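Enquirer: this one's structure only:
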Ligand code: XUL
């Protein structure tokens, strides 16, 4: 029997999933919640409480304690750790960890009687790690934009973004010169944990590497000019960037205490979004995912960089080959819930009210909060008619339709996706399922595994370390519970609604 382990190092917790494709087995996820189980790190939400709300850092030692605890829990729960034949993982994207020159020796000689955190602490050149929620690098982003203009997006797949690793490294190198000079290697959250498992510095993959504003997606190599502009000597501190299916290490003997066999192959880790793409069964080109959470996200696999147009969102490597797009919309559940509360409705009443209104009638921009896509600093709902004249059903339906229309408009996809997978809390809404199917005129699949990033990592471990095809793994682990077919009779209404939406955007936000 061959099992494969997938670990997801998220913002608030670390999760592990074990699969055995031959037996069609997938374990229940085992998890460690940072806030509750590691309270000594003072990070109830997974990051340190800091005065400046734009600064969001986490203690990387917390992730190490979480890894020790996660593997201990998995081992003691009776999972067949001795049968694991390969490990992979995913990390929250963009966060960075900084190593000093002692890292090689420290990583190569981890002693099982001590914890990871106590042994690795002296090998770090920076105590804390900026994570993806950090928005404090506006100045650095402006420097990059001024120097590289639109070519930054053409080269790296993204405009400079505050949370991306490059601007974060630029800020660190300028503000803490001595610590930066003392840094010999920089890892992402994903490659940091992979390095600990391997007992050596591990590369990053194209999926997570593309979230740094440093990787040239056309050549799949670090861009020397951007790296040198970001921080002096940075190129030497970056690990290799490799395809996501690369097996590039063997498990350190340290982990034998959790029942794992030292020497088993390790696959390069990726980011949580690229791994979710795999775990949702959407690695094949042409399928897309809509994740309806606090904020909404649209991501989709594409074969080549030419498959997208427009200037929104990001392009990352797709672990199954090619690329993926990712666009984030801040006004997701935050906005849905605020409107539901405004009318003091239950979820059922909210859905029923929206169903009463005529489809595609109201055109509005649903920006109750400042929006990232498109950039809207001054929030407020803009409508093509007097907002006060709308009935509650019209307003509710207008907002929900606009949330899906904005995804279609900003996704930049030249071709319609073959299938859309709907995930996230609000994907339970029958109305949002129907709107996604009708507005995109594409079948919408719902249900399936809840921990798509950890599952995706386990599937990548099986593919790269055990030669099990993604096709087979997708068939075994990613079947949806239900598929909603588009109602073709609504196609024209929503095409017109999309044109009206685009016109309102141009008029209001140009
Ligand atoms: C993607 C992003 C987040 C993190 C956190 O660009 O910043 O989705 O990966 O999970």
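Expert: Noted; the coordinates are in hand. Just so it is clear, the structure is predicted and the values come from calculations on it, not from any experiment.

Enquirer: Would you mind confirming that residue 308 makes contact with residue 315?
Expert: Yes - counting by CB atoms under 8 Å, residue 308 does reach residue 315; the two are 6.9 Å apart. Where you see a C-beta, it was placed from the backbone N, CA and C, and this is true even at glycine.

Enquirer: Mutual contacts of the two, please.
Expert: 302, 325 (CB atoms under 8 Å, 6 or more residues apart in numbering).

Enquirer: contacting residues for the residue sitting furthest away from the middle of the chain?
Expert: Seen from the C-alpha centroid of the chain, the residue lying at the greatest distance (CA atoms, centre = their mean) is residue 389, 39.6 Å away. Listed by CB under 8 Å, 6+ apart, the contact set of residue 389 is empty.

Enquirer: Against residue 291, how distant is it?
Expert: Using CB to CB, to the nearest Å, we find residue 389 at a distance of 34 Å from residue 291.

Enquirer: ditto for residue 372
Expert: Residue 372 is 15 Å from residue 291, by CB to CB.

Enquirer: Between those two, tell me which one has more neighbours.
Expert: residue 291 (23 against 16; other CB atoms under 10 Å).

Enquirer: If I look at the more buried one, what pLDDT would I see?
Expert: pLDDT, residue 291: 92.

Enquirer: packing partners for the strand or helix carrying it?
Expert: If you go by DSSP states H and E, residue 291 is part of strand 287-292. In terms of contacts (3 or more CB pairs under 8 Å, 6 or more residues apart in numbering; DSSP states H and E), strand 287-292 is packed against helix 272-279, strand 296-302, strand 419-423.

Enquirer: quick one: strands adjacent to it?
Expert: The sheet places strand 287-292 alongside strand 296-302 (antiparallel), strand 419-423 (parallel), with pairing taken from DSSP bridges.

Enquirer: so how far is it from its chain's centroid?
Expert: 12 Å (CA atoms, centre = their mean, to the nearest Å).

Enquirer: for stretch 169-187, same thing?
Expert: 25 Å.

Enquirer: What residues of that stretch count as buried?
Expert: For stretch 169-187, a neighbour-count test (16 or more other CB atoms under 10 Å) marks 169, 170, 171, 172, 173, 179, 180, 183, 184, 185, 186, 187 as buried.

Enquirer: Need the three-state assignment for the last one.
Expert: I take that to be residue 187. Classification of residue 187 using DSSP: H, G, I helix; E, B strand; the rest coil returns strand.

Enquirer: Give the phi and psi angles for the spatially closest residue to it that is not a sequence neighbour, as a check.
Expert: With CB to CB, 6 or more residues apart in numbering as the criterion, residue 187 has its nearest non-adjacent residue at 4.6 Å, and that residue is residue 97. Backbone torsions of residue 97, given as degrees, to the nearest 10, read phi -130, psi 140.

Enquirer: distance of residue 97 from the ligand?
Expert: 15 Å (CB to the nearest ligand atom, to the nearest Å).

Enquirer: For that residue, give me its contacts.
Expert: Taking CB under 8 Å, 6+ apart, one finds 60, 124, 126, 129, 186, 187, 188, 189, 192 in contact with residue 97.

Enquirer: any idea what sits nearest residue 190, other than its immediate chain neighbours?
Expert: Nearest one to residue 190, counting by CB to CB, 6+ apart, is residue 91 at 3.3 Å.

Enquirer: on that earlier part again, would CSV of the buried residues of stretch 169-187 with secondary structure, pLDDT and distance to the ligand be doable?
Expert: Output for the buried residues of stretch 169-187, formatted as CSV (DSSP: H, G, I helix; E, B strand; the rest coil; pLDDT from 0 to 100; distance: CB to the nearest ligand atom, whole Å):
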residue, secondary structure, pLDDT, distance to the ligand
169, helix, 98, 16
170, helix, 98, 18
171, helix, 98, 17
172, helix, 98, 18
173, helix, 98, 22
179, helix, 98, 24
180, helix, 98, 23
183, coil, 98, 23
184, coil, 98, 26
185, strand, 98, 22
186, strand, 98, 17
187, strand, 98, 15
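
Enquirer: Can you tell me the element the closest residue in space to residue 121 that isn't next to it in sequence falls in?
Expert: Residue nearest to residue 121 in three dimensions, not counting chain neighbours: residue 61, with 6.1 Å by CB to CB, 6+ apart. Using DSSP H and E, residue 61 sits within helix 60-76.
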